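J.: Using only what follows, build the 3D model:
(6 chains)
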There are 4 protein chains.
Amino acid sequence: MPLSDKQVKTMEQKREKILQQAIILFAQQGYESTTIAKVAKASGVSFGSVFTYFENKDQLFYHAVTEPLETKYRTTLLDFDPEAEDILAEIKSMIDKHIRTFIEMHTYLQLVVQVIGQHTKFPEPFKILDDFSLEFILKLQQIIRNGQKSGVLEESDEDLTATAYMGFLLGIRLTFTDYAVSRIWEQLKIPAFQLLYPKR
Amino acid sequence: MPLSDKQVKTMEQKREKILQQAIILFAQQGYESTTIAKVAKASGVSFGSVFTYFENKDQLFYHAVTEPLETKYRTTLLDFDPEAEDILAEIKSMIDKHIRTFIEMHTYLQLVVQVIGQHTKFPEPFKILDDFSLEFILKLQQIIRNGQKSGVLEESDEDLTATAYMGFLLGIRLTFTDYAVSRIWEQLKIPAFQLLYPKR
Amino acid sequence: MPLSDKQVKTMEQKREKILQQAIILFAQQGYESTTIAKVAKASGVSFGSVFTYFENKDQLFYHAVTEPLETKYRTTLLDFDPEAEDILAEIKSMIDKHIRTFIEMHTYLQLVVQVIGQHTKFPEPFKILDDFSLEFILKLQQIIRNGQKSGVLEESDEDLTATAYMGFLLGIRLTFTDYAVSRIWEQLKIPAFQLLYPKR
Amino acid sequence: MPLSDKQVKTMEQKREKILQQAIILFAQQGYESTTIAKVAKASGVSFGSVFTYFENKDQLFYHAVTEPLETKYRTTLLDFDPEAEDILAEIKSMIDKHIRTFIEMHTYLQLVVQVIGQHTKFPEPFKILDDFSLEFILKLQQIIRNGQKSGVLEESDEDLTATAYMGFLLGIRLTFTDYAVSRIWEQLKIPAFQLLYPKR
DNA sequence: AATGAATGAGGCTTCATTCAT
DNA sequence: GATGAATGAAGCCTCATTCAT
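T.: Numbering: from 1, shown residues only, chains lettered A, B, ... in the order given. Below is the predicted model:
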């Protein structure tokens, strides 16, 4: 007797709730300090139920790191067209989206930074992040190259520039507090654009 | 019976060795995964000796975070003169020093990022870092302002620019691998300079 | 609504399947290492179904230990006639049957040995086994006594001899591997017979 | 500063105490039902101390199975000389020793039987036992062969006879209770001897 | 000061049992 | 009757800290 649709839905919601709380806790308290008991309490499920949805703590962490990227951020961050007609408008729209997204990603980025910083401890999730960053940089290089070709951007080493741009996004989000960033996020577009060497 | 000079020196070296290894381990494996036993083994001292030199694990972490800043990085990072005669040369020299230092700080920065990301878990060391970053930014703002006054830099919000510059330094070091960075660090001066809006 | 014959039969088969797999798992992995989930999987029934047929794990174990004895081995092992006319032929036939049965009982005997060895942990199944062994020994004593009376066996303490014989059957099955035993089981009749002090 | 002799001695005694209690508990309650907490309590040490002396539960079990064999039983059980002058006396003395030892081994044998019965669960300790049993049987074969040569024993397949003899020792100890065995152990020499086909 | 054994609290994980569907 | 999600008790193990030597 298979589970009813209603049951399946409830379970999906439960899994989602657990994952959301796990992301927050892992981000704020780190891998070890986040106990399964805390996750269970925060999600309003019993201790044992966490293991119904995730094989073990390692897997929970893995999904906490990879699922937001796959289901949300990957699409948004790669949502720009290096071949756009109006390349300047595309670049500005891209920057706007990137800044906005990185600001929204705050909690998630703390997770990302842990994985990157201690990548020997977290090889599997690190691989996912590393692969994505490569993909991201490659697409950035394309739009930069096209910006240069069409005379919108000055000449520069596109690899260096793309990496600098990505580093800036990451660094800025780690430097600013939530409060500070909310006041000035609109302005952050300016140095981000500047990093791409806009023609004047 | 007072300790002889030789004894004092040996003890100081022992303490230093423990601290060095603790920094590496805390940076690479995180606070919880770094056990006292691991630190002792890596430093070549006995388990109990760690407690002779550091009250407890918390204190060891605190010193691992604060001492390198106080004894090494603070001086180097603040070693520029906003009132220099040749302000352009001073800025370029500053950037050179900053890039070089941030690259060397790799391991230490992983520690810093942990503290910042999980600052509720580490309030005391966080305060030290936070205070320094404020001081750093304020001094950056001064040199930027003077650069603008003397016509070397274009006009920009100096608070925003200083923070962007610092975020860039941090982000770049988290983005690049050791290998990648060693090949191109010279070039990183270019986008760093660009972030300050140099006049052309 | 009473169950149809077909339904009853299906259920009986299901119960039997569960019990068979439980016997194997309990025998090979022990009581604690045998989980209900493993039994369910091995029997091809759902997890919950195990509890439909057996009240709890304890009961499942109890039935795994007692049912094979009651339904199979008791009859076979006691199937000899101390009052037989040709007592020598009866003894030889008995030994043949015993050896053959003990060899076939391999898996089940591992269960038996667990219960005997840890009888404080398993008092109820132990009682069943203990009662049977008493009954077995008593009947062995009878045939031994009659063998002695009719001059087929030499004089010996029949209690001691019966117990030695039973111990031999058990010990031999624990000592030999399946492979070894299959090659030589025919020969095992010789020392078994010897233990009864045959007249030459 | 190394540990003093006194400390070392205390530690050795502690280890021994833990091992003794572990043997008893493993034998009577089985591997899984024997918890580290029970062992600690029975040995009068703290929970954590068990791990000071044994890496983990598996290792504790391994040593519980192998050490008594190596330090006590191996020597005693192999202490007979197949080349003895008076081979009959040697055989009788051997049987006496074996019966006596197997009776004393009661608790330990329950451990042995667990390992043999569930050898897939305990491959390492099983190997040790298996190797010993091979060695034991080989030496038994020698003395049997010499007994036959010198006309003390009737002809028989020495491999079969040796194995039957060993199986008997094991089985008898599993069949009899402590009480029963204490009353009759002297008599058990008789069927054991009989198993070797003594000449009359 | 140096050493490392002793302690037990706390975390992950397993699993029998319950129960809603 | 059949199914499998939910629950939490219990076990193994780690590790910071203490303390005797």
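
J.: which residue ranges form the helices in chain A?
T.: Applying DSSP state H to chain A gives helices spanning A:5-33, A:36-43, A:47-53, A:57-68, A:74-77, A:87-104, A:106-117, A:123-149, A:158-175, A:178-194.

J.: what residues does the fifth one touch?
T.: In this case it means helix A:74-77. A:97-98, A:101, A:132, A:136 (Cβ atoms under 8 Å, 6 or more residues apart in numbering or on different chains). Heads up, the C-betas are built off the backbone N, CA and C, glycines and all.

J.: Would you mind measuring from the residue of chain A found nearest chain B to residue A:188?
T.: When scored by Cβ to the nearest Cβ, chain A has residue A:171 as its residue closest to chain B, at 2.2 Å. Here residue A:171 is placed at a distance of 11 Å from residue A:188 (Cβ to Cβ, to the nearest Å).

J.: Give me the neighbour count for residue A:192.
T.: Around residue A:192 there are 23 other residues, counting by other Cβ atoms under 10 Å in any protein chain shown.

J.: Enumerate every residue touching the nearest residue to it once chain neighbours are set aside.
T.: Excluding its sequence neighbours, the residue lying closest to residue A:192 (Cβ to Cβ, 6 or more residues apart in numbering or on different chains) is residue A:95, at 5.0 Å. Residues in contact with residue A:95 (Cβ under 8 Å, 6+ apart) are A:189, A:192-193.

J.: Closest to DNA strand F out of those residues?
T.: Closest approach to DNA strand F among the contacts of residue A:95 (Cβ to the nearest atom of the strand): residue A:192, at 40.9 Å.

J.: among the helices of chain A, where is the model least confident on average?
T.: Among these, helix A:178-194 has the lowest mean pLDDT, at a mean of 85.

J.: Could you list the buried residues of stretch A:99-116?
T.: For stretch A:99-116, a neighbour-count test (16 or more other Cβ atoms under 10 Å in any protein chain shown) marks A:99, A:101-103, A:105, A:107-116 as buried.

J.: And stretch A:50-61, by the same measure?
T.: For stretch A:50-61, burial by neighbour count (16+ other Cβ under 10 Å) applies to A:50, A:53-54, A:57, A:60-61.

J.: do the same with stretch A:30-40
T.: Buried residues in stretch A:30-40, counting neighbours by 16+ other Cβ under 10 Å, are found at A:30-31, A:34, A:36, A:39-40.

J.: just stretch A:14-34 next, same as before
T.: A:14-15, A:17-31, A:34.

J.: likewise stretch A:65-73?
T.: A:65-66, A:68-69, A:73.

J.: Please apply the same query to stretch A:76-89.
T.: By neighbour count with 16+ other Cβ under 10 Å, stretch A:76-89 contains the buried residues A:77, A:80, A:82, A:84, A:87.

J.: give me the residue from chain A nearest DNA strand F.
T.: Closest to DNA strand F within chain A is residue A:48: 2.4 Å, counting by Cβ to the nearest atom of the strand.

J.: Could you measure from that residue over to residue A:36?
T.: According to Cβ to Cβ, residue A:48 and residue A:36 sit 9 Å apart.

J.: So chain A: which segments form each domain?
T.: A:1-54, A:65-194 (automatic domain parsing).

J.: Endpoint to endpoint, the last one covers what distance?
T.: Start-to-end span of domain A:65-194 (Cα to Cα, to the nearest Å) is 31 Å.

J.: related to what we said a few turns ago, most surrounded residue in the contacts of helix A:74-77?
T.: Compared across the contacts of helix A:74-77, residue A:98 has the highest neighbour count, 23 neighbours, by other Cβ under 10 Å.

J.: I figured that residue hits residue A:168, correct?
T.: No - contact criterion Cβ atoms under 8 Å: residue A:98 and residue A:168 do not qualify, at 9.8 Å.

J.: First-to-last residue distance for stretch A:75-91?
T.: Start to finish, the residues bounding stretch A:75-91 are 16 Å apart (Cα to Cα).

J.: Read off the pLDDT value for residue A:45.
T.: On pLDDT, residue A:45 comes in at 96.

J.: hang on, it packs against residue A:19?
T.: No - counting by Cβ under 8 Å, residue A:45 stays clear of residue A:19, with 11.5 Å between them.
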